[in-house]
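[1] Provide a 3D model corresponding to the input given below.
(one chain, ligands or ions: 1)
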Amino acid sequence: MKYKTLKLIIQKRVGWITINRPKKLNALNQETLAELHHALAIFEEEDNVRLIVIRGAGNTAFVAGADIRELATLSSEEGAALAQRGNQQVFDYIEHYNKPVISAVNGYALGGGLELAMACHLRVFADTAKVGMPETSLGLIPGYGGTQRLPQLVGRGRAMELLLTGDMIDAQRAYEIGLANAVCPLKELDTKVLELAAAILKNAPNAQMQLLASVRAGFDPHTDGYVAETEGFAACFETDNFKHGTSAFLKKRKPKF
Ligand code: COA
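    Prediction:
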């Protein structure tokens, strides 16, 4: 498929997805969300891809939010449909993804942009990044999981402050409160992301798939995370990854996954 709003590359087992609407600061319109879903689904099936990185085109923005032009005329019913579809296509889809997803936050990540970064499993920020949840300035609240994932990541008090004020914070502050896993100069962002990717790629993909599911289960009110962990733990024993990892250790070799 030819994408209008994305660029995709696969390099050394990493699938890079660049959101490519720089003139609109990579704002998420419905076309971009549908394309993101398509690209994520392709990469999920692709054996050459073990990890995904999502970033924004240009040096100004990761994603400056949901496309306000599209939001401006919606009714409540249409707003509900938009949120449901967006969550299903992208935000919940990433959360349930069976490969690690890293966001490379190369500038503004506002509203839906920060929600996209928060749906990813890890976040690396350029030192120029500015992030916030300005929805209430538009007379809205977040619709792509922001009221849930922000408190999970930074705690309820800090999340409330960011949500109620709508103010932006810089990369250093985001790192201090646990929103960013790492911060680096903008020109080193890809290198920093690849370092993190390499640290992840040296470990067993099958175990990581179970790990993602187990951690996620603990945040699902309908699931017992401890039960999910036992199930995931048990499932690992039958895998080639487990046979390879344990036998490499016992033979005093490094495993190769
Ligand atoms: N939706 C739609 N278009 C957006 C957008 C969004 N969320 N964010 C930026 N754009 C567009 C602007 O309308 C402008 O388009 P134009 O040139 O056709 O007028 C273009 O992107 C550049 O943005 P601009 O505002 O001129 O850049 P800036 O450097 O002055 O300001 C921001 C940057 C990020 C501070 C500002 O664009 C902004 O506040 N964006 C909205 C953020 C927001 O509220 N997001 C939450 C949405 S739920």
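[2] for the stretch 101-250 of the chain, what lies in contact range of the ligand?
    Contacts of the stretch 101-250 of the chain with the ligand, taken as C-beta under 6 Å from any ligand atom, map to 108, 110-112, 134-135, 138. Every C-beta, even on glycine, is put in place using the N, C-alpha and C of the backbone.
[3] closest one of the residues you listed to residue 70?
    residue 112 (10.8 Å; C-beta to C-beta).
[4] so what does the helix or strand containing residue 247 touch, helix or strand wise?
    With elements taken from DSSP states H and E, the one containing residue 247 is helix 240-250. Secondary-structure packing of helix 240-250 (3 or more C-beta pairs under 8 Å, 6 or more residues apart in numbering; DSSP states H and E): helix 205-218.
[5] circling back: buried ones in the helix holding residue 247?
    Neighbour-count burial for helix 240-250, with 16 or more other C-beta atoms under 10 Å as criterion, is recorded at 241, 244-245.
[6] just want the angle from it to helix 205-218.
    Interaxial angle, helix 240-250 versus helix 205-218 (axes from the mean of the first three to the mean of the last three C-alpha atoms, to 10 degrees): 110 degrees.
[7] i'd like the first residue to be 710 from this point on
    Got it, first residue is 710 now, which makes that one helix 949-959.
[8] what helices and strands are in contact with the helix or strand hosting residue 746?
    If you go by DSSP H and E, residue 746 is part of helix 739-754. If contacts are counted by 3+ C-beta pairs under 8 Å, 6+ apart, helix 739-754 sits against strand 715-720, strand 723-728, helix 785-795, helix 801-804.
[9] closest one to residue 939 among these?
    helix 801-804 (21.3 Å).
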